[in-house]
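J.: attaching a predicted model along with its sequence, questions to come.
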Amino acid sequence: MYKSSKNLLSRSEWYCHQAFRALNQAAVIDERLREERSRAFISKWLRRNLKVYDNFKLSIEGLKSFFEDAKGY
């Protein structure tokens, strides 16, 4: 009753939030983020900018493109 009246997270929810909080502060290369349920725990700004690539070659091309675009700033 206390938990529901205070709108607190369950232990499992709290743990997931804490675990994914660290990911929000780092460059992410993680297979788990292919899953929608895992992406729900990361910050909205990161979720909107998250890129998921099907293979390593495409991810390297995306990374190169990112840095080429960043040179203009």
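T.: Done, it's in. Numbers count the residues shown, from 1 in each chain.
J.: how near is the residue nearest the centre of the chain to Lys64?
T.: Centroid-nearest residue in the chain, with Cα atoms, centre = their mean: Ile42, separated by 4.3 Å. Relative to Lys64, Ile42 is positioned 24 Å away (Cβ to Cβ, to the nearest Å). Placement of C-beta: from N, CA and C, glycine included.
J.: and stretch 11-21, which residues are buried?
T.: 16, 20 (16 or more other Cβ atoms under 10 Å).
J.: thought the residue nearest to the centre of the chain was touching His17?
T.: No: under the criterion of Cβ atoms under 8 Å, Ile42 is not in contact with His17, lying 10.0 Å apart.
J.: follow-up on the earlier one: pLDDT score assigned to the residue nearest to the centre of the chain?
T.: Ile42 is assigned 84 on the pLDDT scale.
J.: one more: Arg34?
T.: 85.
J.: identify the residue nearest it in space, chain neighbours excluded?
T.: In this structure, Arg34 finds its nearest non-sequential neighbour in Val52, 5.8 Å apart by Cβ to Cβ, 6 or more residues apart in numbering.
J.: what about that neighbour, how many residues nearby?
T.: Residues within reach of Val52, counting by other Cβ atoms under 10 Å, total 11.
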